[in-house]
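Trainee: starting from these lines, generate the structure:
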Amino acid sequence: MNRLFTTMALCLATLSVSAANRIIASKAPTGIELKHDFEVKARTASGEWQSIDTYAFKVDRVADAKHNVEVTSVAKFEFEGKVVVQVKSLAQDIKSFKIRPYSYGIEAKQDGNTLTFSLDRPRYISVEINGNIYHNLQLFADNIIEKPKVKKKNLMYFGPGVHDFKGDSIHIPSGKTVFIDNGAVIKGWLSTYGSRDVKILGHGIVMPGHHEGIMVRYSKNVLIDGPLTTQLPIGGSDSVTVKNTKVMSWYGWGDGFNIFASNNIHQEHLFARTSDDCSTIYCTRKRYHGGCRNITIKDFVMWADVAHPIMIGLHSETPEDEVIDNVQYDGIEILEHCENQIDYQGCIGINNGDNITVKNITFQNFNIDNIRRGMLFNIRVCYNKKYCSAPGRGIQDITLRNIAYRGSAPNMGIIAGYDQSRMVRNIRFENLTINGKLISDDMPGKPRWYKTADMANIYVNDHVEGLTFSK
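Mentor: Predicted coordinates:
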């Protein structure tokens, strides 16, 4: 009897290990453009190597004030447990390489032109050979999402293959669940206009061209989990959750995850490589009306080829006097920031216009890898006449905690109010480090007549009060 129980326990343990370590690698549909700069494979610890297709995706390189299209590589698969990944460089010999975000601590073994490394959780990473950031590999190693078990009448299923809607809109009615298979590509865009209780699930691709791929508009109780698309704006909506979602854009105004006039929004485990801002929070704009409250954005890898990784507060309509209140960004990895125009620089940007009040915002646990051109912080009450009809009403109660920058010297940052009635108040930096140097009001080596902001290369004007730097 004991021998029987022992045998059964061993069998169950084997099944448990097998179930806990698995890979789903779907083939790219016929007719979808692939790129052959890399050969990508993955396996479980004791499994066979599986080939992972590398899609051709466009990204934006700005030069001479013009947008230039580059073609980069994207590979994606789903897994549970632990996985070993092999990336072979076919386009160039490996003289040096980077796997970012650096903070993930992913160590690769190099054998000639092949890199091998392990992952023990879903990760969105960039593999860069010889410093080439435009012909790199974006690797999306995702969680497994199973096809949901719902009534057929409530399911919109996009199976493996190309679903060509000629770039047109696909409306998602209330109560519907959409499942996009990992091997599916939708040539069109999804819209939840006026819908409630909607789910959009699966790691497939929604690729409409020069257009937002998934739009949540005037909707409530929406869950989006898994897709790869161009842009994902949320406007005039309430109670929306977005997770395990990736966006990549290459065209003008190609923001990533916009939030317009919406409340109770949760975004988690995201990736954005964009040709404009990666993440924005705005009030009234594009026919969406109102302020924004109760927003949480966490575990997000940002790559801004143009403009800001984060931009808050520029747009509304005077004299609405709207408010952006109670926002938290937590666990943010910023890989790149590149913007030539001074007004639109800032890894963390709050540009307060159009009579908006921005308050109770927390930015915490940030790792910023590199700024090609730009600044760390751009926190201003401003009057941008191109986009605004008035300056903002003020910025107050902003906490920036555990912010670490490790790159070359950025441009000077800005913290500035507009006048004595439109101030910046109570900005608290806690554990800000720039290339390993802790910036604090009592830091060693700071002349007592200096502002602490001078040590962080941040300009502060006379309409700022309650600015502190602490350990």
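Trainee: what's the mean pLDDT across the helix or strand containing residue 398?
Mentor: Residue 398 belongs to strand 394-405 when assigned by DSSP states H and E. Throughout strand 394-405, pLDDT has a mean value of 98.
Trainee: show the subsequent helix or strand relative to that strand.
Mentor: Heading C-terminal from strand 394-405, the first helix or strand you meet, by DSSP H and E, is strand 413-416.
Trainee: who's in contact with that next one?
Mentor: Strand 413-416 is contacted from outside by 346, 375-382, 424, 427, 453, 456-461, 463-464, 467, using C-beta atoms under 8 Å, 6 or more residues apart in numbering. The C-beta positions use only the backbone N, C-alpha and C, and glycine is treated the same way.
Trainee: drop anything exposed from those.
Mentor: 346, 375-382, 424, 427, 453, 456-458, 460, 463-464, 467 (16 or more other C-beta atoms under 10 Å).
Trainee: out of those, which are inside helices?
Mentor: residue 453 (DSSP state H).
Trainee: ok, the closest residue to residue 106 other than its chain neighbours - how many residues close by?
Mentor: Nearest residue to residue 106, sequence neighbours excluded (C-beta to C-beta, 6 or more residues apart in numbering): residue 99, at 4.7 Å. Look at residue 99: counted by other C-beta atoms under 10 Å, it has 21 neighbours.
Trainee: check residue 99 and give its pLDDT.
Mentor: With respect to pLDDT, residue 99 has a value of 98.
Trainee: who's in contact with it?
Mentor: Residue 99 sits next to 106, 108, 115, 117, 125-128 when contact means C-beta under 8 Å, 6+ apart.
Trainee: if we use 6 Å, what do you get?
Mentor: 106, 108, 125, 127 (C-beta atoms under 6 Å, 6 or more residues apart in numbering).
Trainee: tell me which of those residues is nearest to residue 171?
Mentor: Nearest to residue 171 out of these is residue 125 (C-beta to C-beta; 34.6 Å).
Trainee: any idea how far the closest one is from residue 134?
Mentor: Here residue 125 is placed at a distance of 16 Å from residue 134 (C-beta to C-beta, to the nearest Å).
Trainee: who has more neighbours out of these two?
Mentor: Of the pair residue 125 and residue 134, residue 125 is the one with more neighbours under other C-beta under 10 Å, namely 24 against 14.
Trainee: skipping adjacent residues, who's closest to that one in space?
Mentor: The shortest distance from residue 125 to any residue other than its chain neighbours is 5.2 Å, reached at residue 139 (C-beta to C-beta, 6+ apart).
Trainee: residues in contact with the host helix or strand of the one you found?
Mentor: Residue 139 is part of strand 137-142 when elements are defined by DSSP H and E. Contact with strand 137-142 is made by 38, 73-76, 78, 119, 122-127, 203, 246, as judged by C-beta under 6 Å, 6+ apart.
Trainee: now stretch 288-303
Mentor: Contacts for stretch 288-303 (C-beta under 6 Å, 6+ apart): 124, 235-236, 260-273, 278, 281, 283, 309, 322-336.
Trainee: in strands, which of the residues you listed appear?
Mentor: Among those, the ones falling in strands (DSSP state E) are 124, 235, 260, 263-273, 281, 323-336.
Trainee: tell me the spacing between residue 168 and residue 204.
Mentor: Distance, residue 168 to residue 204, by C-beta to C-beta: 17 Å.
Trainee: thinking again about what came up before, bridging residues for the residue nearest to residue 125?
Mentor: residue 75, residue 125 (DSSP bridges).
Trainee: neighbours around it, how many?
Mentor: Around residue 139 there are 24 residues (other C-beta under 10 Å).
Trainee: again, but for the one 5 residues further on
Mentor: Here the count is done by other C-beta under 10 Å, and residue 144 has 15 residues near it.
Trainee: my read is that it contacts residue 78, right?
Mentor: Yes. Assessed by C-beta atoms under 6 Å, residue 144 is found in contact with residue 78 at 4.4 Å.
Trainee: okay, and the common contacts of these two?
Mentor: residue 24.
Trainee: list the buried residues of stretch 36-49.
Mentor: For stretch 36-49, by 16+ other C-beta under 10 Å, it's 37-44.
Trainee: likewise stretch 291-299?
Mentor: Result for stretch 291-299 [16+ other C-beta under 10 Å]: buried residues 291-293, 295-299.
Trainee: those: which two are farthest apart?
Mentor: Pairwise distances across the buried residues of stretch 291-299 peak at 25.3 Å for 291 and 299 (criterion: C-beta to C-beta).
Trainee: which residues of the stretch 301-450 of the chain score low on pLDDT?
Mentor: Low-confidence segments of the stretch 301-450 of the chain (pLDDT under 70): none present.
Trainee: apply the buried test to the contacts of stretch 288-303 and list what passes.
Mentor: 124, 235-236, 260-265, 267-273, 278, 281, 283, 309, 322-327, 329-336.
Trainee: contacts for stretch 23-32?
Mentor: The contact list for stretch 23-32 (C-beta under 6 Å, 6+ apart) reads 42, 50, 52-53, 77-79, 144, 161-162, 182-183, 185.
Trainee: quick one: which of the residues you listed is nearest to residue 64?
Mentor: Set against residue 64, the nearest of the contacts of stretch 23-32 by C-beta to C-beta is residue 185 (33.2 Å).
Trainee: burial check on the closest one, number of neighbours?
Mentor: Applying other C-beta under 10 Å, we find 22 residues neighbouring residue 185.
Trainee: oh, and call the first residue 10 from now on, that's how I've got it
Mentor: Let's use 10 as the start, then, which means that last one is residue 194.
Trainee: what's across from it in the sheet?
Mentor: In this entry, residue 194 is beta-bridged to residue 171, residue 214, by DSSP bridges.
Trainee: returning to that earlier point: which strands and helices sit next to the strand holding residue 407?
Mentor: strand 366-377, strand 433-443 (3 or more C-beta pairs under 6 Å, 6 or more residues apart in numbering; DSSP states H and E).
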